[in-house]
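> Dropping a prediction and its sequence here:
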Amino acid sequence: MELSNVSIQSLVKETKEEMFSDIDPYSFVSPSAYDTAWLAIIPAEYSNQPCSVPMFKDCLDWVLNNQSEEGYWGECDAHGNPTIESLPATMACVIALKKWSVGIENAERGLAFIRANGEKLLGGNHNQFPRWFAIVFPGMIEFARKIGLELDFPNHLKGLLMDIFFVRQEILETEELAGSPYPPLLSYFEALPSFCAINQEDIIMHLSGDGSLFQSPSATACAFMATGKEECLAYLQSLVRTCANGVPPTFPMDEELIKLGLANQLQRLGLAEHFTQQIEDIFTQVYRNYNNKESLGKSSSGTSVATQLHKDSLAFRLLRMHGYDIPPCTATDLMFPGENELEEARSFSRKVLEKVVSKGTGDNDHLTKSSNLERMIEHELSLPWIARLDHLEHRAWIEENDMNALWAGKTSFHRLSSLKNEKFVQLAVADYEFRQSIYKNEMAELKSWCLKWGLSDMGFGREKTMYCYFAISASLSLPYDSDIRMMVAKSAILITVADDFFDMEGSLNELNILTDAVRRWDAKGLSGHSKAIFDALDNLVKETAAKHLQQQGTDLTSYLQKIWYETFASWLVEAKWSKSGYLPSMDEYLGTGMTSIAAHTLVLPASCLLKSSLPNFKISPAAEYETVTKLVMLIPRLLNDIQSYQKEIEDGKMNYVLLYMKENPEADLDDSIAFVRDLLEKKRKELLKHALMDGFSDLPIASKRLHLSCMKVFQMFFNSSNRYDSNTEMLQDIQKAIYIPLDVGTPKPLRPLPSDSRLKKEFQTITSHQFVRPFKNHNLRIIGYQTSLPIARGGYANMIITPNFRLSFA
């Protein structure tokens, strides 16, 4: 185990030296094969060189040198599988190679890849193709045929291609050239058919101040060949100077967004603890820049509205989670009291996302046609952030195919570069598996402890050893060697056993004697179950106090004894109420119920074992608890009562939901539940503010985060049902957190490429490429022509297919 820890730390050190010593934000984003190919197509006639050579030879060289072994161009997903993005990227690269009569074998292999694997890649979208793909891929097919490439697609692919052409036709008939949705049709200028009737005025009118067409390298390359505008050339030259190793999907890119995406990746992969300083440096810089702009939501120069919204949302979530004072700007689960505009935004966003994933949606949004993204959206909608445990979230992200997607571009995601992504995934897998090995050992140790002290075979109540350990180990990424996991798990097991003893097993006399023994901290007079509970508790307190004495040099014993007595005393009060039939008031009930849920009995002693230890007096019932502690006592009680009222009616116990109806006779059960839910929502917002922000508590930051994690555990247990009392509902999560190995995915097998002899035979049918020169009349309109394409379901079909816009390739 120690060797694994050493290897992880070595990998962390190597990663820091390689990636953070002199950070170049552009190096973190994979180049776009599609856009690089378009720059490779531009002839040098505009630079006083012979037009038989490319203007940007480095881009052509990049195309030659960056084809995958499987034959495609373009980035793969996080687990090495080509995506739908690779189809137009591969076609564009093939066109660039044929333009300059180089890399014939590369081009052959590219087309063979599309023929062999096109159906598989397209089929994953269930005939619902992203808008960008329906615009771009038909344009690339038309362009390829125009230059003489014989695209003899196999029969099984022809029906899918016909569907794509029909989707494009619908898009072109219903959308304005430069209107919504975003990105507008004109940003796909290089792929639009000529019946769109684009003239020079359309292009020039929409050029940005930097000379680009919507910051798109491919569209700007096409615009330059169509207009010869010097501003476009200057943009392209600046692009190539900045990005020597292939051009990105967008230029310029927002460097802050890249850094935020990097910090987000580290956190979601479970690696934040290893890169604390690097992440903090990013957040400090971003926060400083936002303050200089005075507010979130102010668009950076050249940044699209969609990208700016994504950036603001990401910055808001990350900065607020790390205690920065950020005003509300977008929908989030991290709302504080009084932020009504966030409530409205969250409600609106939820409705939009629900529409996206609903069956039969007609949206052609860039994102909604990705099955991976639909699955992620469904996860976000089904389980709120406040009910998710970090360890399982890290696992889900490591296993997610699209986890390397930083944000959406025009024809592809801006993806984390493959080399850096491989390094991060390697480190994340090592960290997760090392944690699993620790958790397995600690779980076995915990089961032995329960057996030793007789807590596993009491003969009554709930046996929740695995649940208790899972809750603490999966909720917080504590250091590998932390004592807190075992201490909290043992405490939770004792709380469950003792609470069940007070509820269902012990007589009132036995409960009085046990509670008094805890007050005196003396086992004299105890026997049977009472003595087993006390002896295990005494062992836990001694063990915790000894560790604290060793770490902090002070004796915590008396404070631990007092907080445990407070908890036992509350159970005794509730037992007396239940056995006597006494109905307390709502306030009286909460006064006791906040203590009997025992959340503070877990979180306060645990805070004392943190490196930034809690002062001893903070856990004493004699002193008033901090507001954040009171909230973490109240919220679990309300969560429990919403999900347990039916069971407690049957057991003859009182419950806050039931007491509300007693004190409000006009209210029915639904009214009572709604009242408690509203109260819960209000208190959750208060807890978030006290746990995340400075100035509301003098507790150490680590202790406040422990409070937040405790609340999330209870939210997870009681979010939509009483999962804690279920014997089966938690088992799959427990297995995934501790026992089941990660499934990071191996590249899915692709169809083999045809033999070299067959490839060469196919390419004998390719005619020499003839390209037309750019138009000179800016009002020129080009109409389509009637042709037969071998893409119909039944063979050939006559339809209007237009040549691509007239460009200069001579």
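Cool, got the structure.

> can you give me the strands for the protein?
In the chain, the strands defined using DSSP state E lie at 405-408, 413-415, 785-792, 795-801.

> May I have the strands that pair with the shortest one, each with its orientation?
Applying DSSP bridges, strand 413-415 is found paired with strand 405-408 (antiparallel).

> What mean pLDDT does the partner strand get?
For strand 405-408, mean pLDDT is 89.

> Can you point out the buried residues in it?
Ala405, Leu406, Trp407, Ala408 (16 or more other Cβ atoms under 10 Å). Where you see a C-beta, it was placed from the backbone N, CA and C, and this is true even at glycine.

> which pair in the residues you listed spans the largest distance?
Leu406 and Ala408 (9.0 Å; Cβ to Cβ).

> which neighbours do those two share?
His414 (Cβ atoms under 8 Å, 6 or more residues apart in numbering).

> can you pull the contacts of the closest residue to Met403 other than its chain neighbours?
Ranked by Cβ to Cβ, 6 or more residues apart in numbering and with sequence neighbours excluded, the top spatial neighbour of Met403 is Ala78, at 4.6 Å. Neighbour list for Ala78: Glu400, Asn401, Asp402, Met403, Asn404, Asn421, Val425, Gly745 [criterion: Cβ under 8 Å, 6+ apart].

> Kindly recompute the last result at 6 Å.
By Cβ atoms under 6 Å, 6 or more residues apart in numbering, the residues touching Ala78 are Asn401, Met403, Asn404.

> Out of the residues you listed, which comes closest to Val573?
Met403 (49.5 Å).

> so the closest one touches Trp397, yeah?
Yes - using Cβ atoms under 6 Å, Met403 makes contact with Trp397 at a distance of 5.2 Å.

> before we move on, back to that, among the contacts of Ala78, which are located in helices?
Among the contacts of Ala78, no member is found in helices (DSSP state H).

> Which of these sits closest to Asn616?
Among the contacts of Ala78, and counting by Cβ to Cβ, the member closest to Asn616 is Met403, at 43.2 Å.

> CA atoms only: put stretch 510-522 into CSV for me.
The C-alpha coordinates for stretch 510-522 follow below in CSV (Å, rounded to 0.1, in the frame of the first residue of the first chain):
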residue,chain,number,x,y,z
GLU,A,510,-33.1,-0.2,31.4
LEU,A,511,-33.0,3.1,29.5
ASN,A,512,-32.8,5.2,32.6
ILE,A,513,-30.0,3.1,34.0
LEU,A,514,-28.0,3.2,30.7
THR,A,515,-28.4,7.0,30.4
ASP,A,516,-27.3,7.5,34.0
ALA,A,517,-24.3,5.2,33.4
VAL,A,518,-23.3,7.4,30.5
ARG,A,519,-23.8,10.5,32.6
ARG,A,520,-21.5,9.0,35.3
TRP,A,521,-19.3,7.3,32.7
ASP,A,522,-19.4,4.2,34.8
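
> For that stretch, what is the distance to the chain centroid?
Relative to its chain's centre, stretch 510-522 lies at 49 Å (Cα atoms, centre = their mean, to the nearest Å).

> and what of stretch 97-108?
39 Å.

> Offset the numbering so it begins at 8, please.
OK, 8 is where the count begins now, so the last one is stretch 104-115.

> Kindly check the end-to-end length of it for me.
With Cα to Cα, to the nearest Å as the measure, stretch 104-115 spans 10 Å from end to end.

> and what of stretch 695-704?
Span of stretch 695-704 from end to end, Cα to Cα: 12 Å.

> Longest helix in the protein, by number of residues?
The single longest helix within the chain, with elements called by DSSP H, is helix 425-459.
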